[in-house]
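Trainee: need a 3D model of the following:
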Amino acid sequence: MVRYDWSKVWQTIPQLTGYIPKTLLVMGLTVLFGTLLGFLVSWGTFAPQRMIRRWAEGYIFILRCTPPIVLLFLVFYGLPKFLFWWLGIRSEEWSRTTFTVIAMTLLFAAMISKVFVSAYLAVPKGQTEASLSVGLSQNQTFRRIILPQAFRIALPNFSTALLNLMKDAALAYTIGLVDILGGANLLISQNFGNHSLEVYSAAAFIYWGMALLLAIATQGLELILVPQRKETA
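Mentor: Here you go, the predicted structure:
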């Protein structure tokens with residue numbers, strides 16, 4: 001019977017922490033571009049043009065129903081062929097990070113757009129009517145009244161989307177990205193498959209720590225932005 005060696009776990013964690021910046025880079029770029037694209041898609045669902053609404057709803061449905069690993073393969077293997085056929089662009093030499101960010105951005109945008117839509121619909125319509133009645137324009141009403149309230153409503157679900165992104169992005173090791181999980185597989189191959197369980201345990205501890213810090217940060221932001229109700233006796 002193979003003995004589980006806890007000392008190997010603690011020895012491996014410092015080796016894997018060197019891959020945290022690559023993981024954070026992928027997540028940061030994905031959140032940036034995915035949030036912008038998700039905001040655009042969520043706006044499309046309310047567009048007066050029927051065609052734009054159909055495109056936005058179709059995008060959300062297709063991307064939300066596509067497994068992350070399938071999307072990664074489609075982007076990594078299919079996007080270079082498509083770009084060369086359509087625009088004559090050769091993207092075979094692009095980094096794995098680039099392909100991962102593209103795939104995760106497409107997925108994150110679909111997920112977060114639903115969060116934005118539900119948050120927008122949760123803001124009472126009377127807020128808009130009251131703002132317009134005091135002389136604010138549509139744009140001013142959205143920027144000053146609707147958007148801040150919708151952001152506070154969306155924050156808990158946004159933090160959940162970030163945690164899901166962290167888990168989905170870990171699948172990028174399948175296309176050769178050397179992030180935390182990719183680094184773990186690299187260490188296992190260098191050790192000829194020995195202590196694989198300990199190495200994966202070390203990776204799990206790092207992911208748990210990152211998730212804990214993310215949860216603490218988002219909960220702290222919620223306490224700052226979301227007004228707390230005072231208990232009445």
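Trainee: may I ask which helix or strand of this structure has the lowest mean pLDDT?
Mentor: Sorted by mean pLDDT, DSSP states H and E, the helices and strands of the chain end with helix 125-133, the least confident at a mean of 79.
Trainee: dump the C-alpha coordinates for the following helix or strand past that helix into CSV.
Mentor: Downstream of helix 125-133, the first helix or strand assigned by DSSP states H and E is helix 138-141. Provided in CSV are the C-alpha atoms of helix 138-141 (Å, rounded to 0.1, in the frame of the first residue of the first chain):
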residue,chain,number,x,y,z
GLN,A,138,-31.7,58.7,-19.1
ASN,A,139,-27.9,58.5,-19.1
GLN,A,140,-27.6,60.4,-15.8
THR,A,141,-30.3,58.2,-14.2
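Trainee: how about the residue nearest the centre of the chain: what's its closest non-neighbour residue?
Mentor: Compute the mean C-alpha point of the chain, and by CA atoms, centre = their mean the closest residue is Leu165, 3.7 Å away. Once flanking residues are discounted, Leu165 sits nearest to Phe108: 5.5 Å by CB to CB, 6 or more residues apart in numbering. For the C-beta atoms, the positions are set from N, CA and C on the backbone; glycine is no exception.
Trainee: contact partners for the one you found?
Mentor: By CB atoms under 8 Å, 6 or more residues apart in numbering, Phe108 lies in contact with 30-31, 34-35, 38, 161, 165.
Trainee: quick check, pLDDT for it.
Mentor: For Phe108, the pLDDT comes out at 97.
Trainee: what's the helix or strand for it?
Mentor: Assigned by DSSP H and E, Phe108 falls in helix 96-122.
Trainee: for this structure, which segments count as helices?
Mentor: 6-16, 20-44, 50-64, 68-73, 79-87, 96-122, 125-133, 138-141, 147-169, 180-190, 196-225 (DSSP state H).
Trainee: now for the last one, which elements pack on it?
Mentor: When you say that, I think you mean helix 196-225. For helix 196-225, the elements it packs on are helix 6-16, helix 20-44, helix 147-169, helix 180-190, judged by 3 or more CB pairs under 8 Å, 6 or more residues apart in numbering; DSSP states H and E.
Trainee: and what of the first one?
Mentor: Using 3+ CB pairs under 8 Å, 6+ apart as the contact criterion, the secondary-structure elements in contact with helix 6-16 are helix 180-190, helix 196-225.
Trainee: on that earlier part again, which of the helices and strands packed on helix 196-225 comes out lowest on mean pLDDT?
Mentor: When I compare those, helix 147-169 is least confident, with a mean of 89.
Trainee: how about that helix: buried residues?
Mentor: Residues of helix 147-169 classed as buried by neighbour count (16 or more other CB atoms under 10 Å): 150, 152-155, 157-159, 161-162, 165-166, 168-169.
Trainee: closest one to Leu212 among the helices and strands packed on helix 196-225?
Mentor: Comparison of these against Leu212 by CB to CB identifies helix 147-169 as nearest, at 10.4 Å.
Trainee: tell me what the closest one is packed against?
Mentor: Packed next to helix 147-169, using 3+ CB pairs under 8 Å, 6+ apart, are helix 20-44, helix 96-122, helix 196-225.
Trainee: could you rerun that using 10 Å?
Mentor: helix 20-44, helix 68-73, helix 96-122, helix 180-190, helix 196-225 (3 or more CB pairs under 10 Å, 6 or more residues apart in numbering; DSSP states H and E).
Trainee: for that helix, the distance to its chain's centre please.
Mentor: 8 Å (CA atoms, centre = their mean, to the nearest Å).
Trainee: how about the CA coordinates for that helix, as PDB?
Mentor: Output of helix 147-169 as PDB, limited to C-alpha atoms (Å, rounded to 0.1, in the frame of the first residue of the first chain):
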ATOM      1  CA  LEU A 147     -25.800  51.500 -11.800                       C
ATOM      2  CA  PRO A 148     -24.600  51.900  -8.200                       C
ATOM      3  CA  GLN A 149     -27.600  50.000  -6.900                       C
ATOM      4  CA  ALA A 150     -27.300  47.300  -9.500                       C
ATOM      5  CA  PHE A 151     -23.600  46.900  -8.700                       C
ATOM      6  CA  ARG A 152     -24.400  46.300  -5.000                       C
ATOM      7  CA  ILE A 153     -27.000  43.800  -5.900                       C
ATOM      8  CA  ALA A 154     -24.700  42.000  -8.300                       C
ATOM      9  CA  LEU A 155     -21.700  41.800  -6.000                       C
ATOM     10  CA  PRO A 156     -22.500  38.500  -4.200                       C
ATOM     11  CA  ASN A 157     -23.200  36.700  -7.500                       C
ATOM     12  CA  PHE A 158     -20.100  38.400  -9.100                       C
ATOM     13  CA  SER A 159     -17.900  36.900  -6.300                       C
ATOM     14  CA  THR A 160     -19.400  33.500  -7.000                       C
ATOM     15  CA  ALA A 161     -18.600  33.900 -10.700                       C
ATOM     16  CA  LEU A 162     -15.000  34.700  -9.800                       C
ATOM     17  CA  LEU A 163     -14.800  31.400  -7.800                       C
ATOM     18  CA  ASN A 164     -16.200  29.500 -10.800                       C
ATOM     19  CA  LEU A 165     -13.700  31.200 -13.100                       C
ATOM     20  CA  MET A 166     -10.800  30.100 -10.900                       C
ATOM     21  CA  LYS A 167     -12.000  26.500 -11.200                       C
ATOM     22  CA  ASP A 168     -12.700  26.700 -14.900                       C
ATOM     23  CA  ALA A 169      -9.400  28.300 -15.700                       C
END
